[in-house]
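Trainee: Here is my input, please return the structure:
(4 chains)
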Amino acid sequence: MSLLVGAFSTACVLAGVFFFVAGTAGLIRFPDTLSRVHALTKADNLGLGLIVLGLLPLAPGLGAALKLLLIWVLVVIGGATAAQLIGAAAARDEHAMPSPPSGGRGLGEGGVP
Amino acid sequence: MTGTDILALAACGLVAIGLYGLVAQAEVLRKIIAFNLLGAGVFLLFGVVARRGAGAGLAADPVPQAMVITGLVVAFAATALALVLTLRLYQITGAATVAEDPPEPTAPDS
Amino acid sequence: MTEILLGAAFVVLLSVLAGLWRVLRGPRRADRLMAAQLLCTGGIAALLLVAGAYGDGAILDVALLLALLGAFTSVAFVMAARLVGPR
Amino acid sequence: MTAGLLLDLLLALAVLGTAAWTLAARSQFAAVIGFVVTGLLLTLVWVRLGAVDVALTEAAIGAGATGVILLYVVARLRGGEAEISAATPSRAQRALAALLALSVGGALAYGVLSLPDPAPSLAEAALAGTAPLGLGNPVSAVLMAHRGLDTLLEAIVLVFAVLAVWSMAADHRWGGRPGPVFQREEHGPLSLLARILPPVGIVIGIYIAWVGADSPGGKFQGGTILAAMWVLPWIAGLVRPPSVTDWRLRLMIAIGPLTFLAVGLAGFVVAEGFLAYPPGFAKPLILLIEAAMTLSVAAALACLIAGPPERRRRA
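Mentor: Numbers count the residues shown, from 1 in each chain, chains lettered A, B, ... in the order given. The predicted structure is shown next:
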């Protein structure tokens, strides 16, 4: 592996890691559910994309490289669908019960009424 | 202390947590979850033993690993059966626990 | 390179676990549904980094399976949550 | 290997933390989420233990499929608060349970840490016994030859589990289609996913089952993916699951164990005994069993996820 490729990989992977950390920071600091969904999907998909980009030059063959790309595409598709559904569920919950309590009771508790 | 030792301790902790949940929780569904955690700990112990028994050019002993795969599938089948029994118990008696002295049976709402 | 990749996997996992703590606390069910999603993406990233560190292509298959079933499981969870009803 | 050691430590703490959280969760819904998260972390632990085959199985069955069936039961249970608190053990009983759990865990820890080093290993014996089969993956070789009887019985267990789950249906519901009815949303994101994911997923499922001969993978992992890709359109409301009296479904569930059993019995005639493969034909026979078993695992798991037959709920 040439020095240049190594530097490129390292830079991409580190940038990807940075986005994961940034996504977590958003997740912890954002006040409401919908913006947390937003922070989660944006940062994680971008972070994973950068990590995949960084690992591509290290892939042993074309098959492995295609597999890496397929993994990223699947995560983006699955993540987008799930985020959409979770967001819709959150919005519906909000509609059903306008003032969410901050404690343990209410919307958060699913199983036992 | 190697990484495998650390994971071995985690496996023992998982068995302890699962056992406690199995004994100390009332709801059948939570008992099933705890039992699965206990099982995961036991499987992990198999994995640690397999890792220790690395030999013949392999990263780990394949025999315990194959047994864990068998065990995971059987555990899933057993869990599915247990869950259906739980659901049926609830549909018939309205009970979510297997306490000795069940309260007045209430009709399930659906 | 191995150490860098394993270290990166460590940081990703640490960050995901920190997020997990936030998400599992709730208070809404939607927050908790995000937990599986979050750990799935983070776990895939960690697996890819470990696979790169050891040059083991088989670990990529685990990541592939996780990506596929992660999408399925998240969706199945949201639909089950709908069956529970808005609470 | 400092980074690797740190990773192991983090994983161990995370697994224990999420497992404890699973028990402490206030709602059953949250407990199931905690369980699935623990399962996902365990997948990473299995990779760290050099057991990629097991990691695939844990991710597919241990976390994914188990989590889904747990959640669909939670969605229908409404436990009474009073009944549960009446049945919960007292503080003293729980302390005793904690003591029991701690002593069992401590004894196990002592036992596992004082194992001889290097540990006794069956790796060489297993490799020697399975080398003539021509399978590159030692775990698959052990599953199909060294411990073939276990695998056959496990395949039969799955069929019995499906029978047991189906027989839980009330009599008047027999013959219906399993599982709850989901609303179909023609233009929603779920319909889109349920249309584009299965073609890709089916290819990946067959791929994982196929590479099982030479690298981690196999019938159970691949079969679970196929089952998930079958269940996804049910959840999206695009198709209904087949009725439990459908002979094609029954054939699919039984074909794998039947093929396995037939090859096993043929061993009496053409080889040394039950489940012995005739020399030279081992690999084609194993591939035949694997193919039939993948189909059966997929059908059986899909039926276990769907549950007992139910009539369409009258609105």
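
Trainee: wait, does whichever strand or helix holds residue D:208 contact chain B?
Mentor: Using DSSP states H and E, the element containing residue D:208 is helix D:189-211. No: Helix D:189-211 does not reach chain B (CB under 8 Å from any CB of the partner chain); its nearest approach is 13.2 Å. Every residue, glycine included, has its C-beta placed from N, CA and C.

Trainee: same question, stretch C:37-56
Mentor: No: counting by CB under 8 Å from any CB, chain B is not contacted by stretch C:37-56; separation bottoms out at 9.3 Å.

Trainee: mean confidence score for that stretch?
Mentor: Average pLDDT, stretch C:37-56: 86.

Trainee: Show me what counts as buried in it.
Mentor: C:37-54, C:56 (16 or more other CB atoms under 10 Å in any protein chain shown).

Trainee: Shouldn't residue D:215 be within a strand?
Mentor: No: applying DSSP: H, G, I helix; E, B strand; the rest coil, one finds residue D:215 to be coil, outside a strand.

Trainee: still on that earlier bit, filter the buried residues of stretch C:37-56 down to the ones in helices?
Mentor: If you go by DSSP state H, the buried residues of stretch C:37-56 have C:37-54 in helices.

Trainee: other SSEs contacting the helix holding residue D:208?
Mentor: Helices and strands touching helix D:189-211, by 3 or more CB pairs under 8 Å, 6 or more residues apart in numbering or on different chains; DSSP states H and E, are helix A:62-96, helix C:57-84, helix D:219-235, helix D:282-306.

Trainee: Which residue is the nearest non-sequential neighbour of the closest residue to chain A within chain C?
Mentor: Minimum separation of chain C from chain A (CB to the nearest CB) falls at residue C:71, amounting to 2.4 Å. For residue C:71, ignoring the flanking residues on the chain, the nearest one in space by CB to CB, 6 or more residues apart in numbering or on different chains is residue A:78 at 2.4 Å.

Trainee: which stretches of the chain aren't confidently modelled?
Mentor: Answering for chain A, as no chain was given. Within chain A, the stretches with pLDDT under 70 are A:1, A:93-113.

Trainee: Sorry, I should have been clearer: chain C.
Mentor: Along chain C, segments meeting pLDDT under 70 span C:26, C:84-87.

Trainee: tell me, what residue is most central in it?
Mentor: The residue lying closest to the centre of chain C (CA atoms, centre = their mean) is residue C:40, at 1.8 Å.

Trainee: buried ones in the longest helix along chain B?
Mentor: In chain B, assigned by DSSP H, the helix with the most residues is helix B:62-93. Under the neighbour-count criterion of 16+ other CB under 10 Å, helix B:62-93 has B:62-84, B:86-87, B:89-90 buried.

Trainee: So which elements touch that helix?
Mentor: Contacting helix B:62-93 under the criterion 3+ CB pairs under 8 Å, 6+ apart are the following elements: helix B:28-52, helix D:52-57, helix D:66-74, helix D:123-130, helix D:138-141, helix D:148-166, helix D:219-235, helix D:282-306.

Trainee: The shortest one packs against which elements?
Mentor: So that's helix D:138-141. Judged by 3+ CB pairs under 8 Å, 6+ apart, helix D:138-141 is in contact with helix B:62-93, helix D:123-130.

Trainee: deepest of the helices and strands packed on helix B:62-93, which one?
Mentor: Highest mean neighbour count among these (mean count of other CB atoms under 10 Å in any protein chain shown): helix D:52-57, with a mean of 30.

Trainee: average model confidence for that one?
Mentor: The average pLDDT within helix D:52-57 is 91.

Trainee: if we can go back for a sec, residue contacts, the residue nearest to residue C:71?
Mentor: Counting by CB atoms under 8 Å, 6 or more residues apart in numbering or on different chains, residue A:78 touches C:67-68, C:70-72, C:74-75, D:193, D:197.

Trainee: Centre-most residue in chain A?
Mentor: Closest to where the C-alpha atoms of chain A average out (CA atoms, centre = their mean) is residue A:44, at 2.8 Å.

Trainee: For residue A:73, see how far away the residue nearest to residue D:25 when sequence neighbours are not counted is.
Mentor: Excluding the flanking residues, the one nearest residue D:25 by CB to CB, 6+ apart is residue D:31, at 4.2 Å. Separation of residue D:31 from residue A:73 (CB to CB, to the nearest Å) stands at 33 Å.

Trainee: Kindly report the same for residue D:246.
Mentor: Per CB to CB, residue D:246 is found 35 Å from residue A:73.

Trainee: Could you do residue A:61 as well?
Mentor: In this structure, residue A:61 and residue A:73 are 19 Å apart, going by CB to CB.

Trainee: Which one of those two is surrounded by more residues?
Mentor: Ranked by neighbour count (other CB atoms under 10 Å in any protein chain shown), residue A:61 and residue A:73 place residue A:73 first, with 14 against 9.

Trainee: What residues does the residue nearest to the spatial centre of chain B make contact with?
Mentor: What sits nearest the mean C-alpha location of chain B, by CA atoms, centre = their mean, is residue B:36, with 1.6 Å. Residues near residue B:36 by CB under 8 Å, 6+ apart: B:18, B:75, B:79, D:35, D:62, D:66.

Trainee: got it, and residue D:142?
Mentor: B:62-63, B:65-66, D:126, D:130.

Trainee: closest to residue A:87 among those residues?
Mentor: The shortest approach to residue A:87 among those belongs to residue B:65, at 40.6 Å (CB to CB).

Trainee: per-residue confidence for the closest one?
Mentor: Looking at residue B:65, its pLDDT stands at 88.

Trainee: next one: the one 3 residues further on
Mentor: In this model, residue B:68 is scored at 92, pLDDT.

Trainee: ok, it to residue D:275 distance?
Mentor: Per CB to CB, residue B:68 is found 21 Å from residue D:275.

Trainee: closest point of chain B to chain C, which residue?
Mentor: Closest to chain C within chain B is residue B:59: 9.3 Å, counting by CB to the nearest CB.

Trainee: returning to that earlier point: pick out the shakiest of the helices and strands packed on helix B:62-93, pLDDT-wise.
Mentor: For the helices and strands packed on helix B:62-93, the weakest mean pLDDT is recorded on helix D:123-130, namely a mean of 73.

Trainee: Kind regards, and thank you for your time.
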